[in-house]
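**Q** Below is the sequence, then the predicted model.
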Amino acid sequence: ISLLDADPTADATRQIATSALELGVLLSAADGDLDAFARNVAQLKPHYAALGAGATTERKNHILGLNLMHLLVENRLSEFHSELELLTAAEASSAEISFPIHLERQLMVGSYDEVLAATSRVPHASYGLFMDHLLATVRDNIADCLEVAYKTMSLDDAVKMMKFASPDELAAYMEECRDDWIVEGGNLCFAPPPAGRKADDIPSKKLIGQTLSYAAEFERIV
């Protein structure tokens, strides 16, 4: 009621509305509701624009970073880069925003191993929702490469390459996403690609080469 009675252009009213929308963004992320998240961000943007050049709020970088993660997960890269152009140098260098910027760069060069390893470096727990979606996509891409590059692979190597914590996690992934993979004597056997499908048909042979390099790196480390 106080919001309705107040002058909509008053600083105090705007601050209250901005704070409420920021909390709405964080709550929708915590609930895993991406539709509500997108709506709240869209409503919040005019409030951020009204702050003026150089002005900020305590949660602004956090919110902008989450929005970049959302755009990255949905592969809306043109919007991602449009958002980057609106950032100040200070905002872009903040931990909350530099994290999705770094992820996008790694994805663009196919450094999936680096993306998978980034789970331990998230700037805030609220990034977990988007990292889960991103990791699922990355693991699917790695799985596509493995199916073409190998006929068989040890379970231990597959667990390492796909950055699972245990063979049980790999087994759960197989049950949900790759039910044609077979485990025989500690080895993972991949189903042959569909007839007529060649390595050139995969998004790029470059990804397969990078996956092979990951395996070589793991062998070197071990």
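**A** All right, it came through fine.

**Q** CA atoms for contacts and neighbours, from now on please.
**A** Fine.

**Q** Domain ranges for the protein, per the record?
**A** Domain ranges of the chain: 1-108, 132-222, per automatic domain parsing.

**Q** which SSE is the residue nearest the centre of the chain in?
**A** Centroid-nearest residue in the chain, with CA atoms, centre = their mean: Leu134, separated by 3.4 Å. According to DSSP states H and E, Leu134 maps onto helix 128-149.

**Q** What residues of that helix count as buried?
**A** For helix 128-149, burial by neighbour count (16 or more other CA atoms under 10 Å) applies to 128-131, 134-135, 138-149.

**Q** now the domains of the chain in TSV, with mean pLDDT and distance to Pro123?
**A** Formatted as TSV, the domains of the chain follow (pLDDT from 0 to 100; distance: least, CA to CA, whole Å):
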stretch	mean pLDDT	distance to Pro123
domain 1-108	89	6
domain 132-222	76	15
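
**Q** Would you mind saying which of those domains lies nearest Arg121?
**A** Arg121 lies closest, by CA to CA, to one member of these: domain 1-108, at 8.4 Å.

**Q** chain center to the closest one, what's the gap?
**A** Distance of domain 1-108 from its chain centroid, counting by CA atoms, centre = their mean, to the nearest Å, is 17 Å.

**Q** Next, the buried residues of stretch 71-82.
**A** For stretch 71-82, the neighbour count (16+ other CA under 10 Å) marks 71-73, 80 as buried.

**Q** Stretch 92-110 too?
**A** Within stretch 92-110, the residues scored as buried using 16+ other CA under 10 Å are 92, 96-101, 103-104, 110.

**Q** With stretch 156-172 instead?
**A** Buried residues in stretch 156-172, defined by neighbour count with 16+ other CA under 10 Å: 158-164, 170-171.

**Q** Distance across that stretch, terminal residue to terminal residue?
**A** End-to-end distance for stretch 156-172, by CA to CA, to the nearest Å: 15 Å.

**Q** So Gly65 is in contact with Ser93, correct?
**A** No: assessed by CA atoms under 8 Å, Gly65 is found out of contact with Ser93, at 11.0 Å.

**Q** which residues in the chain form helices?
**A** With DSSP state H as the criterion, the chain has helices at 2-5, 11-31, 34-50, 60-73, 77-85, 89-92, 95-108, 112-117, 128-149, 155-161, 167-177, 205-221.

**Q** Which one of those lies nearest to Asn187?
**A** helix 155-161 (5.3 Å).

**Q** packing partners for the closest one?
**A** Packing partners of helix 155-161 (3 or more CA pairs under 8 Å, 6 or more residues apart in numbering; DSSP states H and E): helix 167-177, strand 187-189, helix 205-221.

**Q** cutoff 7 Å now
**A** helix 167-177 (3 or more CA pairs under 7 Å, 6 or more residues apart in numbering; DSSP states H and E).

**Q** And the contacts of the helix it packs on?
**A** With contact meaning CA atoms under 7 Å, 6 or more residues apart in numbering, helix 167-177 is reached by 155, 159, 164, 181.

**Q** Return the residues in contact with the last one.
**A** Remark: with contacts taken as CA under 7 Å, 6+ apart, Trp181 is in contact with 174, 188-191.

**Q** Just send the contacts of helix 167-177 back as JSON lines, with distance to Asp31 too.
**A** Below are the contacts of helix 167-177 laid out as JSON lines (distance: CA to CA, whole Å):
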{"residue": "Leu155", "distance to Asp31": "34"}
{"residue": "Val159", "distance to Asp31": "29"}
{"residue": "Phe164", "distance to Asp31": "25"}
{"residue": "Trp181", "distance to Asp31": "33"}
